[in-house]
Structure formats: structure tokens, C-alpha cells
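> requesting a structural model of the entry that follows:
(one chain, ligands or ions: 1)
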Amino acid sequence: MKAPLPINIWTEVQPAADCRLCDAPSENRHSVPVYRLSVCDLCWQQAQDGWPKEAEPILFAALAKAGLLIPDRNDRGLLPRQYAPPKDYAL
Ligand SMILES: [Zn+2]
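Below you'll find the predicted structure:
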């Protein structure tokens, strides 16, 4: 006897989320696990030397939501694109 096909399958089909920083729908997205964000390719490239000031409220909110600490600013006074989180943060 064949098992009936399961009806409710939880799939990973998610709507293509827009970039969190510029709201651009983007195919090329970078996930930024330290901020729990994913952003478009353009924003990612522009943040090479630090996130733009306009992005900071979004970044702060994302960090707060995830219960993460705000990273130290880099030499340019910007939030770093990537940083090494404390070891006790499981990413
Ligand atoms: Zn973007």
C-alpha cells in the first residue's frame, strides 16, 4: 500500500525580498549574517569601506532585533561591512 502524498509540505519558497537598504528588488543579493540582513549587490559594493550613514538606522534596528551588539566603527567612522562578532555569538 502506497503512502499518501503529504499535503502540507513546508517549502523554502520565499518571495524575493527587496534590499533592506535601498528597497531595490535584486537578483544578486548578499547576505550579511553579522547584521542579519541581505542587501543588493550595489549596496554591498558601496559598503566596502563601511555602511553609508543613511543605512545606520536600518542596521541598528536589525542588530537590536537580533539582540546583537553594535560593532565598533572603522577608521572612517562608519560601521564596518563585516566584523568579527564575539565568539559566543553563534551565527
Ligand atoms: Zn540595495
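> show me where this protein has helices.
Taking DSSP state H to define them, one finds helices in the chain at 41-46, 56-66.
> nearest to Pro80, out of the ones you listed?
Smallest distance to Pro80 across those (CB to CB): 10.4 Å, for helix 56-66. Using the backbone N, CA and C atoms, a C-beta is placed for each residue, glycine as well.
> in that closest one, which residues are buried?
The neighbour-count criterion (16 or more other CB atoms under 10 Å) identifies 58-59, 62-63 as the buried residues of helix 56-66.
> and the average pLDDT for it is what?
Helix 56-66 shows a mean pLDDT of 93.
> can you check stretch 18-26 too?
82.
> can you name the two of the buried residues of helix 56-66 that are farthest apart?
Using CB to CB, the buried residues of helix 56-66 span at most 9.7 Å, a distance reached by Ile58 and Leu63.
> pLDDT score assigned to the residue nearest the centre of the chain?
Of all residues in the chain, the one closest to the mean position by CA atoms, centre = their mean is Leu37, 1.2 Å from it. The model reports Leu37 with a pLDDT of 88.
> ditto for Pro86
Pro86 carries a pLDDT value of 63.
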